[in-house]
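*Asks:* sequence first, predicted model second:
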Amino acid sequence: MSLKDQITEDMKSAMRAHDSERLGTIRLLLAAMKQKEVDERVTLDDAAVIAIVDKLIKQRKDSVAAYTQAGRQDLADKESFEITVLQAYLPARLSADEITREVAAIVAELGAAGPGDMGKVMAAVKTRLAGKADMGAVSGAVKAALAK
């Protein structure tokens with residue numbers, strides 16, 4: 001079963017269970033997926049769905065930070081709940097050690113040295129680790145590897 005089908009089935013089960021908060025989050029995800037399909041005239045594969053989920057989680061994390069700073073804990077809690085629902089559709093994430101090893105291997109493959117090669121390394125890392133790791137952590141690992 002594809003990830004897209006799994007999300008649709010989860011929407012149906014949330015409807016049956018009358019879980020309105022979870023249902024709303026899943027509908028937001030499905031709307032974002034449909035928008036991408038319509039805009040680009042493509043059928044999304046699992047990798048594209050994971051990219052959309054990653055984007056939505058990043059938006060939610062930014063919102064949590066803004067709401068917390070503004071003293072709106074009720075809205076921050078709602079966004080945090082949406083993050084937990086969305087994270088269920090992501091594959092298992094790599095640990096910090098695994099990210100460091102992958103980045104070191106890619107740097108060695110490309111023969112990159114110094115901060116000037118950051119763009120080249122990040123392009124290669126994004127294709128290999130897309131959906132498997134938080135790109136913020138990956139960026140830090142690339143900076144550390146190129147600083148050596």
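*Replies:* Noted; the coordinates are in hand. Numbers count the residues shown, from 1 in each chain.
*Asks:* excluding chain neighbours, what is closest to the most centrally placed residue in the chain?
*Replies:* The centre of the chain sits closest to Asp54, judged by Cα atoms, centre = their mean, with a distance of 1.8 Å. Counting by Cβ to Cβ, 6 or more residues apart in numbering, Gly131 is the residue found nearest to Asp54 once chain neighbours are left out, at 6.6 Å. Just so you know, the C-beta spots here come from the backbone N, C-alpha and C atoms, and that holds for glycine as well.
*Asks:* host element of the residue lying closest to Met135 once chain neighbours are set aside?
*Replies:* Distances taken as Cβ to Cβ, 6+ apart put Lys126 closest to Met135, at 7.1 Å, once the chain neighbours are dropped. Assessed by DSSP states H and E, Lys126 sits inside helix 118-129.
*Asks:* ok, and for the helix or strand immediately after that helix in the chain, which residues are buried?
*Replies:* Where DSSP H and E defines the elements, the next helix or strand beyond helix 118-129 is helix 135-147. For helix 135-147, the neighbour count (16 or more other Cβ atoms under 10 Å) marks Met135, Ala137, Val138, Ser139, Ala141, Val142, Ala145, Leu146 as buried.
*Asks:* the last one: what's it in contact with?
*Replies:* Leu146 is in contact with Val107, Ala112, Ala113, Gly114, Pro115, Asp117, Met118, Val121, counting by Cβ atoms under 8 Å, 6 or more residues apart in numbering.
*Asks:* and Arg22, by the same measure?
*Replies:* Under the criterion of Cβ under 8 Å, 6+ apart, the neighbours of Arg22 are Ala14, Val85.
*Asks:* for it, give its distance to Gly140.
*Replies:* According to Cβ to Cβ, to the nearest Å, Arg22 stands 32 Å off from Gly140.
*Asks:* domains in the protein, by residue range?
*Replies:* 3-87, 96-147 (automatic domain parsing).
*Asks:* and the helix ranked longest in the chain, what does it pack against?
*Replies:* Criterion DSSP state H: the longest helix present in the chain is helix 46-69. Helices and strands touching helix 46-69, as assessed by 3 or more Cβ pairs under 8 Å, 6 or more residues apart in numbering; DSSP states H and E, comprise helix 3-16, helix 20-40, helix 73-87.
*Asks:* make it 6 Å
*Replies:* helix 3-16, helix 73-87 (3 or more Cβ pairs under 6 Å, 6 or more residues apart in numbering; DSSP states H and E).
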